[in-house]
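> below are the sequence and a predicted model for it; my questions follow.
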Amino acid sequence: MKPSLETGYLGMHLRNPFVVSASPLGRDLDRLVLLEAAGAAAVVLPSLFEEQIEHDSFQVHAALEHGTESFAEALSYFPEMTAYNTGPQRYLTLIRQARDSLRIPVIASLNGASPGGWTGYARKMQDAGAHALELNVYFVAADIEETSEQVERRYLDIVEEVRRAITIPLAVKVAPFFSATANMARRIVDAGADGLVLFNRFYQPDIDLENLVVMPDLQLSTPVELRLPLRWIAILHGRVRASLAATTGIHDHLGALKLLLVGADVTMMASALLLHGPGRIKSSVAGLTSWMREHEYASVEQLKGSMSWRGAPNPSAFERANYMETLASYEIQQ
Amino acid sequence: MNRPVVTVDGNEAAAHVAHRLSEVVAIYPITPASPMGELADAWSSTGKPNVWGDVPTVIAMQSEAGAAGTLHGALQSGALTTTFTASQGLLLMLPNMFKIAGELTAGVIHVAARTVATHALSIFGDHGDVMAARTTGFAMLASATVQEAQDLAVVAHAATLEARVPFLHFFDGFRTSHEVAKIERLTDDDLLAMVDATAIAAHRGRALDPEHPVLRGTAQNPDVFFQAREACNPFYDAVPGIVTRVMERLETLVGRRYRLFEYRGHPEAERVIVIMGSAVGAVEEAVDVLVGRGEKVGVVTVRLYRPFSAEAFLGALPRSARVVAVLDRTKEPGASGEPLLQDVATVLVGAAADGWPLPRVIGGRYGLSSKEFTPAMAKAVFDESARERPRPRFTVGIVDDVTGLSLDVDPGFRAEPPGVVGALFFGLGSDGTVGANKNTVKIMGEHTPQYVQGYFVYDSKKSGSTTVSHLRFSPVPIRSTYLVDQAAFIGCHQFGLLSTTDVLSRAGDGATLLINTPYGEGTWERIPVEVQQQIIDRHMRVFGIDANAVAKAAGLGGRVNTVLQTCFFALSGLLPPDQAIAAVKDSIRKTYSRRGEAVLTRNYQAVDESTRALFEIPVSEKPSGAVRMRPPVAAGAPEFVRTVTGEIISGRGDLLPVSAMPVDGTFPTDTARWEKRSIAEEIPVWDPDICIDCGRCALVCPHAAIRIAYVDESALAAAPAGFPHRATVGKDFPGKRLVIQVAPDDCTGCTVCADVCPARSKELVKHKALDMMPKDPILEQERERFAFFLDLPPIDRRQVAVATLKGSQALQPLFEFSGACSGCGETPYLKLLTQLFGDRLVVANATGCSSIYGGNLPTTPWTVDGAGRGPAWSNSLFEDNAEFGLGLRLGADARRNAAGRAVRDLRDVVGAELVEGLVGADQATETGIFDQRARVAAARERLEAAGTPQAAATLPLLDALIHKSVWIVGGDGWAYDIGFGGLDHVLAAGRDVNILVLDTEVYSNTGGQASKATPRGAVAKFAASGKATGKKDLGMIAMAYGNVYVAQIAMGANMTQTVKALAEAESYPGPSLVIAYSPCIAHGFDLGKMMGHQKDAAASGFWPLYRYDPRLAASEDHPFTLDSRPPSMPFKEFAATEARFAMLAGSDPDRSEELLKAAQEDIDERRRYYEQLAGLERGLPGEEVSV
């Protein structure tokens, strides 16, 4: 009998656990349709960056204002256009179009920086028809005066505020850089998150040695990176009242399986799709199906969390001691 | 009917009607009419239809001549067609206007009347242009106000259809075209009711159509031409009646009454002024006051000037008039009188024959180039008319101490009606003052029953320019068509202006002064004592706010507009506080909402903070403090600069008498250096320890404010303490010390030098050999150092490898401190040109940015070297620059030939060997030029010693024997569009001229309209939805001749190639064309980064660098050298960094994608083609053809 791949995420019923993560792939409606056809169970649209919107607005504003009303012959330098689309309009249109064109759930993604911005945009996304919202919270706590307590408070305030602003399911995508990640995860859920997306990957600075400038960029993930979400999903499964989504380093069904086994409700892909195209979802769905068949699993629900901190035969391996053992085994292999 | 009340300027008022009543609109930019074309284009590009539901076709042409040709053609095709123009533009339309009128074609040209260039160009308003069109056969209708600009526009459109005579509808440039006022807008129903559908059908029925063919535009012979010319007479006879009926129709519809001529004044007036245009308002105010005093005066306003209806004129003029003073806003040198005077005199003489009491008719000129015309001047005319023997010809508004024509004006006479509130605002262009005031006018116009007026005065600089806003608010309609005089409110939006500008000269008694000040409670002591005295004398109240701090806290940078606008409302009490705040926010929303919520939020925040930060500055009984107003020019300036230039700089140019002015428009160069504007907040500071002596900073500086010198150690003995210098790097200047010095008062703070500086500290990478630092703390030190620098001995040009980057920067620039935009992309090329050839340079400069920052008074950046030599510069016109430059070449050659002949004839006196050198020496090098000058000096000595008449006659010719480097300079609007035909011809003529095209890829000077140099995908005015077609490859067109040197350069992409190309072009003994990539504000990025943008422009293949040298063809080499490497970045990546492309990606992503893709294909195709060319050998024209 064909195993059931169905899973639940944020209260939504999904046909399988493969979700397209927030990435440039989601910018194009045609590509979204291809991803759905390849088997994606849901899509997270690329993040709307509030900072980017503000930056764009001010760029346009500055370009339109510069040099104006200074010289009698040239009171302006650009035609006034009917729309500049510096705001979220294009993004909201994408939500609407995706919702109209796809049968799978469309999850909007918001990356904001200010209280007003978070709530305003979140509500607009809901109004545009998003089935759920993924709130992408990340900032570098570079202020030497700001305490970890204050940083955590900022996260929670944001989640609470957005929760109040919308009625659709809310997932929160966080970074792993908390002193007490497990506790923080619970507090985020308590603040109103319906799900946690583990973890965020960000631009990291690099140095251009030729020009001696800092060059932030984003590298695609590698499969080995899935170990970080693997640990924390294993630890959190069954201990927070929220869906768990794994993202980072999932490149095929094997990676996905590991994360499902430790308790992920869905596994999200971006780098693998950018590298291999939408077909990677199809092969992952097929691979998962045959693995489950071979190992006689009837459904994803059955295997989900079976290897979590609560279910694994050796749960301490998810904790600190884990490091020592890994290193030792590595030496033996050499 | 309830019609919308709008607050618009005259251009918009007229363009609204023109667009709604047209099917085809042919446009070309020219100040001050450009906004009409821009609006029409913008409306059509967004699908705004005319009153019949069709979207008018708006087409930008290559010149006004082109627009007129298109107008003519479209009219002949039966379309309702219009165009907009001014000044030289109207002159370029004249040939077609004769045709259009001769063929009795219904059409309208709207003109923002502007001065025609004579001894000087002027962008401002008078009737010189429209008067030049009065013989074309067009009917001419004059509007005097913004409301009339709309109303008479529809009269023109309606009447032309019924009359079949084309109409020129005009209003005064700037005074009406740019005045913002509250008007009642005509609705579509009104417009439809005004135009006669039958007449439209008849117009269409006359279209050229093969279904019912006719022949139009025949050639005729002496037998019938005359009779045929007279055949149109009945149509002209009918025009006054038709216009009157149309005006009556309008009156019935909207209630506003217009007639061909209108009279206002005493019913039995003895002295009457006849006038047309905006000055009517000032005369009417004077008449009202004088009649109130019992004087028998009046004014006749002329609305329909052509055809001039004697009957209607006499119907308006009181028979009681004993003296009729006709005022013309134009000058017709040598005429018996100006045009309107002649018409009036002719009519009155004719009428006298029929028994009309013939008055004395006198005529005067006023208001040329927007010269102020006030009620006091009108009174002066009435006073003159009252004299027993009034002067028959006079001027008013100036002091003519040469021919004594000017009338004395009583400065104390005022006629502004009571209840009018005047407000004045002094700001910088960059701080948003004018924009805020336009909004204030709109707020008052649209939220209150008050009448409003906004008029804005700009100076001639493109960087650091000062603006003065003149606002009036009144319970009765405003007719005061002159600057605000007794202001009740003065806003000084930049503290520094208190020291440079007389901001209180127009303040009324008890006025309020608002100052943007960073000094808080210490402000009073910082106000110049002269200004303090004015404040005390006029019993003013003074308020302060640190608007920059408020704006900065709100994230608005230096845009203090909303902050100060809010304070104005708070202090003026024009609106209740809450209503004012709400109205300001509403206007912010209307102005900025399309740009994004963040922009709105920050402006709202600034509004909310503004009134909190406002404070009153106590006025002391006596002036205190040590600050005094700055003199307009630096100490030591020559007399002309002190007495004339300085007065213009200080805003007292209006007071200069006729005798102060050169008679022929000839001015001295070397004046910008006396005008110390000191506009930068930060200036570059040099760290000699890490400098690598590359010369780039000086090369790229748009304002020649970074200077390099290589001097002997001994020259630095008397240097000020700490004067930085270092050993030179490399082999170019062995044993010398390198000095890099900033001109602290001339730097505009553009940051291009610091951005391009490649030398970084090893210990702290962000520290460069040039860092931008706050100016004020180091100003005195840098002033002292720069003064010392200027006295350093100049380098001997013969010892320098001139045509290299470093070598060129060791030479003195003879183009300095221009008023071009901060970070201008054009000026570095001009400055380099003067470093390379400045002492023998003759420049023909096309009208445009370069003619404005190069030649707009008060000062010029063109200067001289220590020997007094430097570029000789002239601007003829926009369209003729190549031909003008060719003429300069031919003239110089003719003088040289004459000189050669003369010295040969005087061989016995001059000496055979010297003569041979004088006429035959090689002057291709600096040494060659130096030696030739020595020969000329020797010859002069011998000729002077000879003392014969023949020798004396030869002396003035001698300088012609020194090589002249003729450069024809202009922008892309000239080279690609309006002047292309001439440029092409000059290239083909094969003469030794050099053409430098400063290619900004738009019409920069008139505000960014698309030219044929505008690249595909870029947004520009006239191409609001992104230019669909590719850029013309001007270089390849020139190259097709085979014997033209052609180079395409971009300083930031390859500095060495830039210097080399200019040197090669100059050395080529035939025509040369150099196309220089010139970033501009209209590209939409931080110009401080312009060199990096140029690099990327070349790296993406968007701007390939190449040189085509025909000399290499002769040596069987490959003449075409592609200096750019293959593209290393996609065009899209480059385009994303400039708003001109990126804006379209935001507003219309699909179209942007499509155009950028096509642009990439253009780049790829061009690269393939150029690579093929680089491999080609080709011969020169005229060489033997080998098979």
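Looks like it arrived, so ask away.

> drop to CA atoms for contacts and neighbour counts, all remaining ones
OK.

> OK, contacts around the closest residue to B:P858 other than its chain neighbours?
Of all residues not flanking B:P858 in the chain, B:T645 sits nearest, at 5.6 Å (CA to CA, 6 or more residues apart in numbering or on different chains). By CA atoms under 8 Å, 6 or more residues apart in numbering or on different chains, the contact set of B:T645 is B:L857, B:P858, B:T859.

> which ones among the residues you listed map onto helices?
Among the contacts of B:T645, no residue falls in helices (DSSP state H).

> can you pick the most crowded of those?
Neighbour counts for the contacts of B:T645, by other CA atoms under 10 Å in any protein chain shown, peak at B:T859, which reaches 27 neighbours.

> wait, doesn't that one sit right on B:K676?
No. The criterion here is CA atoms under 8 Å, and B:T859 misses it with B:K676 at 10.9 Å.

> about what we covered before: pLDDT for the contacts of B:T645 - can I get that in JSON lines?
Listed next are the contacts of B:T645 as JSON lines, based on pLDDT from 0 to 100:
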{"residue": "B:L857", "pLDDT": "95"}
{"residue": "B:P858", "pLDDT": "96"}
{"residue": "B:T859", "pLDDT": "97"}
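
> tell me where the stretch 101-250 of chain A has helices.
Ranges of helices in the stretch 101-250 of chain A, per DSSP state H, counting those that start in this stretch, are A:115-128, A:148-165, A:181-190, A:227-236.

> winner for burial among those helices?
Mean neighbour count (mean count of other CA atoms under 10 Å in any protein chain shown) peaks for helix A:227-236 among the helices of the stretch 101-250 of chain A, with a mean of 22.

> give the rounded mean pLDDT of stretch B:879-892.
Across stretch B:879-892, the average pLDDT comes to 98.

> whoops, I mixed them up, stretch B:216-234
pLDDT averaged over stretch B:216-234 gives 97.

> now do that stretch: distance from first to last residue.
20 Å (CA to CA, to the nearest Å).

> contacting residues around residue 38?
Going with chain A. A:P278, A:G279, A:I281, A:K282.

> chain B is the one I meant
Here B:E38 is in contact with A:P79, B:K1021, B:F1022 (CA under 8 Å, 6+ apart).

> re earlier: save the contacts of B:T645 as TSV, and put in distance to B:L428 too.
Listed next are the contacts of B:T645 as TSV, based on distance: CA to CA, whole Å:
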residue	distance to B:L428
B:L857	19
B:P858	18
B:T859	19
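
> picking that back up, closest one of the contacts of A:A38 to chain B?
A:P278 (23.5 Å; CA to the nearest CA).

> wait, that closest one touches A:D30, no?
No. Here A:P278 does not reach A:D30: they are 11.6 Å apart, not a contact under CA under 8 Å.

> which of these two has more residues huddled nearby?
It is A:P278, of A:P278 and A:D30, that has more neighbours when counted by other CA under 10 Å, with 24 against 12.

> which phi and psi values does that one adopt?
phi -60, psi -30 (degrees, to the nearest 10).

> quick one: it and A:L35, what's the gap?
From A:P278 to A:L35 the distance is 5 Å (CA to CA).

> and if you look at B:L498?
66 Å.

> cool, and A:E161?
For A:E161, the distance to A:L35 (CA to CA) stands at 33 Å.

> after whatever helix or strand A:M292 lives in comes which helix or strand?
Assigned by DSSP states H and E, A:M292 belongs to helix A:279-294. The C-terminal neighbour of helix A:279-294 among helices and strands, as given by DSSP H and E, is helix A:300-303.

> got the buried residues for that next one?
A:V300, A:E301, A:L303 (16 or more other CA atoms under 10 Å in any protein chain shown).

> which strands and helices sit next to that helix?
helix A:253-262 (3 or more CA pairs under 8 Å, 6 or more residues apart in numbering or on different chains; DSSP states H and E).

> alpha carbons only: can I get the helix or strand just after the helix it packs on in CSV?
The helix or strand immediately downstream of helix A:253-262 is strand A:266-269, counting by DSSP H and E. The C-alpha coordinates for strand A:266-269 follow below in CSV (Å, rounded to 0.1, in the frame of the first residue of the first chain):
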residue,chain,number,x,y,z
VAL,A,266,7.3,20.1,7.2
THR,A,267,10.7,20.4,5.6
MET,A,268,11.5,23.5,3.5
MET,A,269,13.8,23.6,0.5
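
> what distance separates strand A:266-269 from the centre of its chain?
What separates the centre of strand A:266-269 from the centre of its chain is 9 Å, taken as CA atoms, centre = their mean, to the nearest Å.

> direction included, what does that strand pair against?
Strand pairing for strand A:266-269, determined by DSSP bridges: strand A:18-20 (parallel), strand A:243-247 (parallel).

> quick one: the helices in the stretch 751-900 of chain B, in order.
B:752-756, B:779-790, B:805-809, B:827-837, B:849-855, B:881-905.

> let's have those helices in JSON lines, adding mean neighbour count and distance to B:R1140.
What follows is the helices of the stretch 751-900 of chain B, written out as JSON lines (neighbours: other CA atoms under 10 Å in any protein chain shown; distance: least, CA to CA, whole Å):
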{"stretch": "helix B:752-756", "mean neighbour count": "23", "distance to B:R1140": "20"}
{"stretch": "helix B:779-790", "mean neighbour count": "17", "distance to B:R1140": "37"}
{"stretch": "helix B:805-809", "mean neighbour count": "22", "distance to B:R1140": "31"}
{"stretch": "helix B:827-837", "mean neighbour count": "24", "distance to B:R1140": "21"}
{"stretch": "helix B:849-855", "mean neighbour count": "24", "distance to B:R1140": "19"}
{"stretch": "helix B:881-905", "mean neighbour count": "20", "distance to B:R1140": "28"}
